[in-house]
Each structure stands twice: as C-alpha cells, then as structure tokens.
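Chemist: sequence-free structure coming up:
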C-alpha cells in the first residue's frame, strides 16, 4: 500500500510551516501578499492556492517548495519537518 499523505492525513507536510513562517514575517504578510511575492519570483499561484497549501488540501511540487522556501527566507528542510 502506498502512502501519499502526511501522518495527519494532509496532502502535504509543508503547509503548516508555510503558514507559520508567513505569519512570522515582518511586516505582516497575508496569503494574498505571499501569492504576489511568489508570482514575482516566477511561481503562478493565487491566494486560494496559498490557502489550500496551508490547510494541507493541495499537493506541493518540488519546484513550488523551492520557491516557497526562497520567498519565506528559510531552508527547504525547515518546510519539510514532519512534527
């Protein structure tokens, strides 16, 4: 049997960390603002995509993960902690 969900049943393990690090940014960054920052970095996403990633309803590709880490100014490994 293949497992493609996190231990909590989400479609990704980075979503909660994306939300955590987004909320730690100063000045405060909304989901819409994060989407705009990702668009500037070359990733075609919108506010709804960020909401779905953060809630664990959407799978995240390695390319998206890399750009998310870059924009959030964290290492990719920080977004992949399954705690």
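Modeler: Right, received. Where do you want to start? Since this is a predicted model, take the numbers as computed values, not measurements.

Chemist: Hmm, residue 47 is touching residue 32, no?
Modeler: Yes: if you go by C-beta atoms under 8 Å, residue 47 and residue 32 touch, sitting 4.3 Å apart. To be clear about C-beta, it is placed using only N, CA and C from the backbone, and glycine gets the same treatment.

Chemist: Which strand or helix spans residue 51?
Modeler: helix 47-54 (DSSP states H and E).

Chemist: which outside residues touch the next helix-or-strand element following that helix?
Modeler: Heading C-terminal from helix 47-54, the first helix or strand you meet, by DSSP H and E, is helix 62-72. Under the criterion C-beta atoms under 8 Å, 6 or more residues apart in numbering, residues 14, 18, 21-22, 25, 34, 37-38, 41-43, 45, 53, 60, 75-76, 78-80 lie in contact with helix 62-72.

Chemist: I'd like to know which of those are buried.
Modeler: Using 16 or more other C-beta atoms under 10 Å as the burial test, those include 14, 18, 21-22, 34, 37-38, 43, 45, 53, 60, 79 as buried.

Chemist: Name the nearest of those residues relative to residue 6.
Modeler: Checking the buried ones among the contacts of helix 62-72 against residue 6 with C-beta to C-beta, the nearest one is residue 14 at 9.4 Å.

Chemist: what about the spatially most central residue of the chain, distance to residue 40?
Modeler: Closest residue to the average C-alpha location of the chain: residue 18 at 4.0 Å, with C-alpha atoms, centre = their mean. To residue 40, residue 18 is 17 Å away according to C-beta to C-beta, to the nearest Å.

Chemist: Likewise for residue 20?
Modeler: With C-beta to C-beta as the criterion, residue 20 and residue 40 are 22 Å apart.

Chemist: one step back: now the buried ones among the contacts of helix 62-72 as CSV including distance to residue 66?
Modeler: Converted to CSV, the buried ones among the contacts of helix 62-72 look like this (distance: C-beta to C-beta, whole Å):
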residue, distance to residue 66
14, 11
18, 13
21, 14
22, 16
34, 15
37, 14
38, 11
43, 9
45, 13
53, 14
60, 10
79, 10
